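In: Only the shape, not the letters, is given here:
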């Protein structure tokens with residue numbers, strides 16, 4: 001769904017970035033770490049599956065201790081990142097702006113009761129009637145309060161309570177596509193004059209045995225010593241999950257100018273689609289999306305959201321090679337983070353475009369860029385569904 005803004009006052013600008021990952025927090029720390037890259041990987045906690053752990057956070061800087069106790073880790077990470085984005089945009093504590101700010105969150109389903117999961121998985125193979133066994137134990141063993149503690153929209157609720165963001169609120173589920181649609185809808189509403197100020201993003205806690213189990217059952221995980229995204233494809237591919245929180249303050253150019261806010265970058269277009277991943281389908285979508293954009297190849301790089309999952313990543317790698325543009329796979333640095341992976345890609349693109357330069361290659365398959373950077377293509381080819389492309393330009 002492409003959109004090109006005809007009225008510059010309705011441009012969608014990124015005016016605040018809140019990013020936490022294994023590389024630390026904030027723009028400057030991430031930029032320094034990307035330019036002097038060394039992998040931050042936990043190879044012991046979930047062996048043989050490497051995971052990118054979140055850097056230690058001083059949660060008290062954004063969340064009171066009382067509020068922290070009511071949250072699961074993924075909610076703390078997201079609420080912290082949201083507060084950092086508000087700080088960066090200069091709207092933290094401004095009741096007037098926060099009262100009008102709209103919130104769009106991409107979220108998963110929360111964390112699980114590991115003891116119940118282990119008991120069911122142990123008993124299921126030995127059950128005479130596996131279907132009846134599963135239904136019986138899901139009904140009898142799971143606590144009703146478990147679901148109340150894990151509602152996906154609790155992240156939005158915590159952000160509203162802790163930071164005072166009390167405009168409209170939407171929460172999307174749907175792995176990578178939820179993060180894409182959160183941004184797409186914010187930009188479309190700005191373009192249509194239906195809103196001026198948005199807080200958009202999500203969080204993901206990869207340091208959980210249930211998500212390791214979930215994606216390994218689908219055959220998606222890398223279980224060898226750590227390797228960068230593109231290098232994994234020579235050995236069958238696989239995702240290395242990463243804990244990430246990323247929120248962006250996105251607002252119209254006119255609104256930012258009226259309050260004297262400096263823009264990091266402009267989101268020029270967000271396009272989304274999905275297919276069944278028959279051979280060539282995802283590439284055809286990517287080509288249509290690319291042809292709808294207006295970019296200068298001499299001043300453009302690609303910030304790829306490639307997950308590492310074998311089929312999707314091989315296809316994207318081949319497609320991007322045909323463009324002849326410098327490429328950076330940010331999952332090499334952060335790990336793949338599902339819901340916030342696209343907002344994080346936009347954050348990295350905005351950092352680079354605002355500085356007019358691309359950071360150094362993260363692995364030998366990536367090439368340096370000597371020319372000034374003015375635009376970035378941000379991809380999100382979900383690990384099994386969802387194809388998206390965005391254009392980020394200098395503000």
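Out: Thanks, I have it. Predicted, not measured: the structure shown is a model, and the values here were computed from it.

In: ok, how many other residues are close to residue 322?
Out: 9 (other Cβ atoms under 10 Å). Yep, even glycine has a C-beta here, placed from its N, CA and C like the rest.

In: Show the pLDDT at it.
Out: Here, the pLDDT recorded for residue 322 equals 97.

In: again, but for residue 70
Out: 85.

In: List the contacts of residue 225.
Out: Contacts of residue 225 were listed using Cβ atoms under 8 Å, 6 or more residues apart in numbering, and they are 43, 50.

In: Where does it fall, secondary structure wise?
Out: According to DSSP states H and E, residue 225 maps onto no helix or strand at all.

In: what phi and what psi does the backbone show at it?
Out: phi -50, psi 150 (degrees, to the nearest 10).

In: Identify the residues contacting the nearest residue to residue 365 once chain neighbours are set aside.
Out: Leaving aside its sequence neighbours, residue 365 sits nearest to residue 230 (Cβ to Cβ, 6 or more residues apart in numbering; 4.0 Å). With contacts defined as Cβ under 8 Å, 6+ apart, residue 230 is in contact with 306, 313, 317, 329, 332, 363, 365, 366.

In: so what's the closest residue to residue 123 other than its chain neighbours up against?
Out: Closest residue to residue 123 apart from its sequence neighbours, by Cβ to Cβ, 6+ apart: residue 133 at 6.6 Å. By Cβ under 8 Å, 6+ apart, residue 133 lies in contact with 123, 124, 127.

In: Any chance of TSV for the residues you listed, columns secondary structure?
Out: Output for the contacts of residue 133, formatted as TSV (DSSP: H, G, I helix; E, B strand; the rest coil):
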residue	secondary structure
123	helix
124	helix
127	coil
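
In: what residue ranges in the stretch 1-150 of the chain score low on pLDDT?
Out: For the stretch 1-150 of the chain, the stretches flagged by pLDDT under 70 are 1-5, 143-150.

In: for it, what spans make up the helices?
Out: 27-35, 65-69, 73-89, 95-100, 114-123, 130-141, 144-150 (DSSP state H, counting those that start in this stretch).

In: tell me the SS of residue 373?
Out: Residue 373 - assigned by three-state DSSP - is coil.

In: what residues are up against the closest residue in space to it that isn't next to it in sequence?
Out: Closest residue in space to residue 373, ignoring its immediate chain neighbours: residue 358 at 5.0 Å, by Cβ to Cβ, 6+ apart. Residue 358 sits next to 301, 326, 328, 352, 368, 369, 373 when contact means Cβ under 8 Å, 6+ apart.

In: separation between the second one and residue 391?
Out: Okay, so that is residue 326. 16 Å (Cβ to Cβ, to the nearest Å).

In: The third one now?
Out: Residue 328 sits at a distance of 16 Å from residue 391 (criterion: Cβ to Cβ).

In: quick one: which of those two has more around it?
Out: Neighbours per residue, other Cβ under 10 Å: of residue 328 and residue 391, the larger number sits with residue 328, 28 against 24.

In: Please verify my assumption that that one contacts residue 351.
Out: No: Residue 328 is beyond contact range of residue 351, at 11.4 Å (criterion: Cβ atoms under 8 Å).

In: State the pair within the contacts of residue 358 that is farthest apart.
Out: By the measure Cβ to Cβ, 352 and 368 form the most distant pair in these, at 13.1 Å.

In: who wins for proximity to residue 256 among the helices of the stretch 1-150 of the chain?
Out: helix 73-89 (8.9 Å).

In: Would you mark the buried spots in that closest one?
Out: 74-89 (16 or more other Cβ atoms under 10 Å).

In: again with stretch 226-244
Out: Quick answer for stretch 226-244 (16+ other Cβ under 10 Å): 226-230, 232-233, 237-244.

In: I'd like to know which of those residues is nearest to residue 98.
Out: Looking across the buried residues of stretch 226-244 and measuring by Cβ to Cβ, the closest to residue 98 is residue 244, at 24.2 Å.

In: From the chain's centre, how far out is stretch 11-19? Work that out for me.
Out: 14 Å (Cα atoms, centre = their mean, to the nearest Å).

In: what ranges of the stretch 251-395 of the chain fall below the confidence cut-off?
Out: Those would be none, if you go by pLDDT under 70 across the stretch 251-395 of the chain.

In: Please, where are all the helices along it?
Out: Using DSSP H, counting those that start in this stretch, helices in the stretch 251-395 of the chain cover 253-258, 281-291, 310-321, 331-334, 341-355.

In: got CSV for the ones you listed, with distance to residue 154 and mean neighbour count too?
Out: Formatted as CSV, the helices of the stretch 251-395 of the chain follow (distance: least, Cβ to Cβ, whole Å; neighbours: other Cβ atoms under 10 Å):
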stretch, distance to residue 154, mean neighbour count
helix 253-258, 29, 17
helix 281-291, 33, 17
helix 310-321, 30, 18
helix 331-334, 24, 28
helix 341-355, 19, 28
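
In: Can I get these in TSV including distance to residue 20?
Out: As requested, the helices of the stretch 251-395 of the chain are arranged in TSV below (distance: least, Cβ to Cβ, whole Å):
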stretch	distance to residue 20
helix 253-258	24
helix 281-291	29
helix 310-321	25
helix 331-334	10
helix 341-355	10
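
In: Select, out of the ones you listed, the one closest to residue 41.
Out: helix 331-334 (10.5 Å).

In: So what touches the closest one?
Out: Residues contacting helix 331-334 (Cβ under 8 Å, 6+ apart): 21-23, 33-34, 37, 39, 52, 228-230, 239-240, 242, 244, 305-308, 337, 341, 344, 362-363.

In: Likewise for stretch 295-305?
Out: Contacts for stretch 295-305 (Cβ under 8 Å, 6+ apart): 176, 229, 316, 320, 323-331, 341-342, 345-346, 348-349, 352, 358, 369, 371-381, 391-392.

In: for stretch 23-38, same thing?
Out: 17-19, 21, 40, 55, 57, 81, 84, 88, 264, 333-334, 347-348, 351, 355, 359-360, 362.

In: tally of neighbours for the residue found closest to residue 375 once you drop the neighbours it is linked to in the chain?
Out: With sequence-adjacent residues excluded and distances taken as Cβ to Cβ, 6+ apart, residue 375 is closest to residue 300, at 4.4 Å. Per other Cβ under 10 Å, the neighbour tally for residue 300 reads 23.
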